[in-house]
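> Quick one: sequence and predicted model below, then my questions.
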Amino acid sequence: MFRRIALVSLLALSAAVSAQTTPAIPELPADQAAMRAHVMFLASDAMKGREAGSPEYDIAAQYVASQFYAAGLKPAGDAGGYLQKVPLVSYKAADQGSFVWTARGGQPVTLTFGEDYAPSPVPGHAETSLSAPVVFVGYGIDAPQYGQNDFKGVDVRGKIVAFVPGTPAGLGGEERAFFGSAANKAALAAARGAVGAIQLVMPSAAGRQRSFQLMAAGYDRPRVGWANADGTVHNPTPGTPILGTLSAAGAAKLFGKDWDAVVKAAAAETPRYRPVAARGTLTVALKTSATPMPSSNVIGMIPGSDPKLKDQVVVLSAHLDHIGVNEGGDGDRINNGALDNAIGIASLIEEAKRFKESGKPPRRSVMFLAVTAEEKGLVGSDYFANNPTVPLTSIVADVNLDMPILTYTFEDMIVFGAERSTLGPIVRKAVGALGLPLSPDPMPEEGIFVRSDHFRFVQKGIPSVFLWPGQKGPGAAAVKTFMSNNYHQPSDDLSLPIDWSQGPRFVGVNYAIAREIADGDARPVWNKGDYFGTLYKGPMAVK
């Protein structure tokens with residue numbers, strides 16, 4: 001149940017909130033005022049940016065739990081409460097590690113930290129020791145349906161795979177973002193029997209990747225994951241750890257004259273890489289330290305009313321955390337996160353109220369999920385997807401709310417991922433009933449579908465979508481302004497020109513979509529042949 005907060009803390013919090021919100025508070029209709037009230041609290045300076053694992057995040061979680069209770073939601077967390085404990089862990093490289101290359105028939109050569117290699121921390125292992133051959137596999141992508149199969153004809157079993165960052169031209173934005181992830185490349189290699197992975201920095205790709213110097217300088221920056229039951233940090237590819245990054249000079253020491261061909265291929269307008277086996281063995285030794293930073297997800301539920309459908313669950317998700325307080329510097333250092341994502345959480349709470357006020361329980365159960373550590377890499381939603389408080393097989397869909405930019409009157413809706421499953425027609429019907437068109441993704445190059453919490457449900461085979469106000473009319477300029485000037489900045493606060501009249505409109509659209517999914521006769525399925533539905537073995541349409 002709820003943690004007790006010392007009286008002095010409550011008084012200090014009240015004073016801080018009052019001090020921040022006293023000037024020029026507008027008088028608003030009740031539904032708009034409710035939205036603003038949630039954001040006033042969650043994005044106040046007293047919350048110090050709701051950093052996952054911080055006391056202020058814990059207070060924000062208690063606030064959301066109390067609002068779920070007021071909205072009539074049943075507790076769906078741990079031990080009969082609203083909170084699901086999430087054992088977050090901060091982990092980092094404990095030292096510079098060791099990379100030693102032994103050419104076939106030659107003597108061991110110790111690579112130089114900061115010049116030849118930068119190590120990566122390995123979650124789940126305090127110490128990592130590995131010695132294996134190395135094979136270069138281009139981009140490291142296994143997707144023949146997109147004309148890219150870098151593993152064709154290559155046996156990587158028992159080997160360390162080396163790949164270049166990024167993706168080839170020609171892939172769609174969502175696929176490009178997915179395949180561009182080193183973690184996803186490691187997973188593809190793991191499926192083929194590789195025992196480790198390293199990334200190679202290409203000299204001709206400086207504009208498309210972080211420089212090796214920056215990687216080496218930040219080798220010991222903390223990362224965040226979640227702990228398994230035994231206390232070790234969860235690693236999605238425990239048998240294929242990402243070991244680190246090699247510079248061009250380091251790669252040349254492994255691949256010798258063959259590296260010249262790789263560099264030449266990288267310089268082409270459309271690089272075409274051929275696999276190359278290094279002639280020798282790479283021995284890597286790494287140490288990783290870990291520090292617990294416990295947090296929580298907040299979960300409430302409306303039980304379904306249909307005897308045949310009530311055991312199916314529609315999840316409505318939004319992240320509660322933000323990025324905390326900037327280090328150093330003068331002026332405002334608190335990243336309040338008003339639009340990212342206090343207003344998404346406010347929408348989630350007000351959407352729950354719509355179900356209660358309707359007087360009609362949904363046919364399927366509806367879960368409201370506020371997650372931690374989205375800003376750390378979708379960690380809280382990943383924990384829930386791997387440790388759900390309902391059977392995973394019961395979850396039929398996820399609809400995610402992340403950073404709706406409500407500084408203008410929106411004239412359409414964008415639903416990322418709508419074209420991938422039967423959620424598309426469901427969403428189109430619900431949005432159309434409210435007189436709004438559904439517009440295509442206006443920035444497919446960003447690959448947004450794979451970059452927010454709903455994707456953790458996708459990885460479990462669950463059809464999912466992510467909602468945003470559209471960019472017709474004034475939308476495009478408003479979104480550009482926010483992303484350029486306020487995104488992940490202290491200026492994302494209540495000083496923004498938020499149009500509170502758009503809050504209830506956005507909630508209304510979300511409610512209509514959730515109601516349509518919850519009350520529909522058929523559960524959502526992936527469109528036949530969809531890449532993500534196929535990859536993650538989700539329910540698939542037959543035609």
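The structure has been received and is ready for your questions. Remember, it's a predicted structure, so these values are computed and weren't measured experimentally.

> which of the residues in the biggest strand by length in the chain are buried?
Using DSSP state E to define each element, the chain has its longest strand at strand 280-292. Residues 280, 281, 282, 284, 285, 286, 287, 288, 290 are the ones in strand 280-292 that count as buried (16 or more other C-beta atoms under 10 Å). Placement of C-beta: from N, CA and C, glycine included.

> which residue sits closest to the last one, ignoring its sequence neighbours?
Spelled out, it's residue 290. Distances taken as C-beta to C-beta, 6 or more residues apart in numbering place residue 91 nearest to residue 290, at 4.2 Å, with adjacent residues excluded.

> how close does that neighbour sit to residue 80?
31 Å (C-beta to C-beta, to the nearest Å).

> Helices of the stretch 101-250 of the chain, start to end?
For the stretch 101-250 of the chain, the helices defined by DSSP state H, counting those that start in this stretch occupy 173-179, 182-191, 212-217, 248-255.

> Now render those helices as a markdown table, adding mean pLDDT, distance to residue 429 and mean neighbour count.
Putting these into a markdown table (pLDDT from 0 to 100; distance: least, C-beta to C-beta, whole Å; neighbours: other C-beta atoms under 10 Å) gives the following:
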| stretch | mean pLDDT | distance to residue 429 | mean neighbour count |
| --- | --- | --- | --- |
| helix 173-179 | 86 | 23 | 21 |
| helix 182-191 | 94 | 33 | 20 |
| helix 212-217 | 92 | 47 | 17 |
| helix 248-255 | 96 | 53 | 22 |
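
> re earlier: between residue 91 and residue 80, who's got more neighbours?
Neighbour totals were compared for residue 91 and residue 80, and residue 91 leads with 21 against 9 (other C-beta atoms under 10 Å).

> tell me the angle of the helix or strand in which that one is found relative to strand 280-292?
Taking DSSP states H and E as the criterion, residue 91 maps to strand 88-93. When axes from the mean of the first three to the mean of the last three C-alpha atoms, to 10 degrees is applied, the directions of strand 88-93 and strand 280-292 differ by 140 degrees.

> what lines up beside strand 88-93 in the sheet?
strand 223-226 (antiparallel), strand 280-292 (antiparallel) (DSSP bridges).

> Make a markdown table out of these and add distance to residue 160 and mean pLDDT.
Output for the strands paired with strand 88-93, formatted as a markdown table (distance: least, C-beta to C-beta, whole Å; pLDDT from 0 to 100):
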| stretch | distance to residue 160 | mean pLDDT |
| --- | --- | --- |
| strand 223-226 | 21 | 98 |
| strand 280-292 | 6 | 98 |
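
> Relative to residue 195, which of these is closest?
Nearest to residue 195 among the strands paired with strand 88-93 is strand 280-292; the distance by C-beta to C-beta comes to 10.6 Å.

> gap between the closest one and the chain center?
25 Å (C-alpha atoms, centre = their mean, to the nearest Å).

> sorry, back to before: show me the one of the helices of the stretch 101-250 of the chain that comes nearest residue 236.
Nearest of these (C-beta to C-beta): helix 182-191, 6.3 Å.
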